[in-house]
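Chemist: What would the 3D arrangement of this be:
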Amino acid sequence: MKNLVLMLTLLSVLFTASFDAQARKKFGSKRTTGKTEQTQTTQKQQTTDTKTVAAKKTSSKKGIMAGVLGGLLAGGLIAAMMGDDFEGMQLLEILLLAGIGFLLFKFIRSAMRKNQPRPMMATPQGQAYAGHGQWQQSSASAQAQPQPSSVPMQLPPNFDQVGFIRAAKEHYVTIQQAWNDNNLELVSEYLAPELIEEFKALRAEQGEVLTEVLFVDANIVRASCDNNVWAISIHFSGQYQDRIAHSKERIDEIWHMERKNSEAAPWLIVGTEDLVD
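Modeler: Sure thing, here's the model as predicted:
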């Protein structure tokens, strides 16, 4: 009896861990990589987290108890189905069954949350792309929207936001396909030199990758420029299909990009942030 309980517990843990490990195999799937900055998106999330922390504290005990009770209920159902085999069970065995039920409860809830689509963000304007790893300025100019003073939004002169965002979405798809194909030569053209080896190591860890971008939107959430460096942070949102795990996953990430203030200098990714919990 004890061996059966321990086996079920181990299978539940391994099943859940396997699901989590396969959840996000794509370019930029690491929580943070390289250089990061505070953006409109991260600032908004921090504000929201501050406002809701009190509510979370008051409801956390209830949530824990609900999970424990759910686990106990699942354990009780298993015991009922097993019939007389569970007569004379010890407290430890009951708790182990409750743990199995709790893990299954969390797994099912996590899977349901992942399949719920999130609303897309409005698309702003961008800048035109000149070739692999390089965006090119155009003569069109646009005014940035008023932004909080703590997050700069200072775009370079004569910056074409429409073209930049359009190209950013196109090359997001291009990079994901190159990541699928393990085409690290192409991926490296978009990366700052100091990030190339880190991304190569990440790709080697992921093994086989087969993703398809279903839709993606983009928004400039930070911009600064001086005599030496221009910097822009782009928030991507949308959805992709992981065809190996047979699941749909949210796109919710920020790419931080920089270019030297010189003619024909390329825009390069200097950092990425995956905002999905």
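Chemist: Beyond the host helix or strand of residue 197, next helix or strand please.
Modeler: Element membership for residue 197, per DSSP states H and E: helix 196-206. The helix or strand immediately downstream of helix 196-206 is strand 211-225, counting by DSSP H and E.
Chemist: Okay, buried residues for that following strand please.
Modeler: The neighbour-count check on strand 211-225 (16 or more other C-beta atoms under 10 Å) flags 211, 213, 216, 217, 218, 219, 220, 221, 222, 223, 224, 225 as buried. Using the backbone N, CA and C atoms, a C-beta is placed for each residue, glycine as well.
Chemist: Output the below-cut-off pLDDT ranges for the stretch 151-277 of the chain.
Modeler: Within the stretch 151-277 of the chain, no range satisfies pLDDT under 70.
Chemist: how about the strands in it?
Modeler: Taking DSSP state E, counting those that start in this stretch, the strands of the stretch 151-277 of the chain run over residues 211-225, 229-242, 247-260, 268-274.
Chemist: In a markdown table, list those strands along with distance to residue 192.
Modeler: Below are the strands of the stretch 151-277 of the chain laid out as a markdown table (distance: least, C-beta to C-beta, whole Å):
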| stretch | distance to residue 192 |
| --- | --- |
| strand 211-225 | 16 |
| strand 229-242 | 12 |
| strand 247-260 | 7 |
| strand 268-274 | 5 |
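Chemist: Using the three-state scheme, assign residue 24.
Modeler: coil (DSSP: H, G, I helix; E, B strand; the rest coil).
Chemist: Any idea how many residues pack against the nearest residue to it once chain neighbours are set aside?
Modeler: Excluding the flanking residues, the one nearest residue 24 by C-beta to C-beta, 6 or more residues apart in numbering is residue 249, at 6.1 Å. Counted by other C-beta atoms under 10 Å, the residues lying close to residue 249 total 21.
Chemist: rewinding a little: what comes up buried for the helix holding residue 197?
Modeler: For helix 196-206, the neighbour count (16+ other C-beta under 10 Å) marks 199, 202, 203, 206 as buried.
Chemist: what packs against that helix?
Modeler: strand 32-34, helix 184-188 (3 or more C-beta pairs under 8 Å, 6 or more residues apart in numbering; DSSP states H and E).
Chemist: these two touch, right, residue 169 and residue 218?
Modeler: Yes - with contact defined as C-beta atoms under 8 Å, residue 169 reaches residue 218; the gap is 5.2 Å.
Chemist: Name the residues contacting each of these two.
Modeler: The contact sets of residue 169 and residue 218 overlap at residue 236 (C-beta atoms under 8 Å, 6 or more residues apart in numbering).
Chemist: circling back to that earlier point, I'd say the residue nearest to residue 24 and residue 238 touch.
Modeler: No - with contact defined as C-beta under 8 Å, residue 249 does not reach residue 238; the gap is 10.0 Å.
Chemist: hang on, residue 254 packs against residue 276?
Modeler: No - in this structure residue 254 lies outside contact range of residue 276 using C-beta under 8 Å: 11.5 Å.
Chemist: Please identify which of those two sits among more neighbours.
Modeler: residue 254 (24 against 14).
Chemist: What residues are bridge-paired with residue 33?
Modeler: residue 272 (DSSP bridges).
Chemist: How many residues are close by it?
Modeler: By other C-beta under 10 Å, the residues close to residue 33 number 21.
Chemist: what do you get for the one 3 residues further on?
Modeler: The tally of other residues near residue 36 (other C-beta under 10 Å) stands at 15.
Chemist: Kindly report the same for residue 226.
Modeler: Other residues close to residue 226 by other C-beta under 10 Å number 9.
Chemist: For it, what are phi and psi?
Modeler: phi -140, psi -170 (degrees, to the nearest 10).
Chemist: That one contacts residue 261, doesn't it?
Modeler: Yes - judged on C-beta under 8 Å, residue 226 makes contact with residue 261 at a distance of 7.4 Å.
Chemist: Next, show the common contact partners of those two.
Modeler: Common contacts of residue 226 and residue 261, defined by C-beta under 8 Å, 6+ apart, are absent altogether.
Chemist: For residue 254, which residues are in contact?
Modeler: Residue 254 makes contact with 36, 39, 41, 42, 221, 233, 234, 235, 236, 272, 273, 275, according to C-beta under 8 Å, 6+ apart.
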